[in-house]
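[1] Using only what follows, build the 3D model:
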Amino acid sequence: WSSATTDLDAMLAAREQPPLAQLPVFGCGHSLGAKILLLLGSDARLAEAIGPRRANVLLSFNNFPARQSVPLLEQAVGLGKDSG
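    Coordinates of the predicted model:
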């Protein structure tokens, strides 16, 4: 990975772009990967271990409505409305 990082930084520099370390990082997970990203991001120590994320893209398909698939969804939405 370290040699790839050096090569990517050289390519970005040739295009007058910031180095790889300064680019935003987006997490992307599908199904179980989405749940893992959600859990990792919910604990401060684990979130610090995986590094900062600009955002996470969480995608999963199932045959159930969100109310049944995501425990505490209604409470989380309510908290979001209360904060602003």
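[2] Quick one: the helices in the protein, in order.
    2-14, 32-42, 44-50, 66-69, 73-83 (DSSP state H).
[3] hey, which helix or strand in this structure has the poorest pLDDT?
    Ranked by mean pLDDT, DSSP states H and E, the helix or strand of the chain with the weakest confidence is helix 73-83, at a mean of 68.
[4] could you point out where this structure is predicted with low confidence?
    Applying pLDDT under 70 to the chain flags residues 1, 79-84.
[5] ok, now how distant is the nearest residue to Leu12 once chain neighbours are set aside from Gln68?
    Nearest non-adjacent residue to Leu12, counting by CB to CB, 6 or more residues apart in numbering: Pro19, 6.0 Å away. The way it works is simple: take the backbone N, C-alpha and C, and place the C-beta from them, glycine included. For Pro19, the distance to Gln68 (CB to CB, to the nearest Å) stands at 45 Å.
[6] who's in contact with stretch 19-36?
    With contact meaning CB atoms under 8 Å, 6 or more residues apart in numbering, stretch 19-36 is reached by 5, 8-9, 12-13, 37-38, 41, 50-61.
[7] List only buried entries from those.
    For the contacts of stretch 19-36, a burial check counting by 16 or more other CB atoms under 10 Å picks out Asp9, Leu37, Arg53, Leu58.
[8] and of these, the nearest to Leu72?
    Leu58 (15.2 Å; CB to CB).
[9] Give the full set of residues in contact with Leu39.
    Leu39 touches Leu46, counting by CB under 8 Å, 6+ apart.
[10] just Ala66 next, same as before
    Residues near Ala66 by CB under 8 Å, 6+ apart: Leu73.
[11] Can you list phi and psi of Ser60 for me?
    Per-residue torsions, Ser60: phi -160, psi 140 (degrees, to the nearest 10).
[12] Quickly note the distance from it to Glu16.
    For Ser60, the distance to Glu16 - CB to CB - is 38 Å.
[13] try Ala55
    From Ala55 to Glu16 the distance is 25 Å (CB to CB).
[14] what does Ser69 give?
    45 Å.
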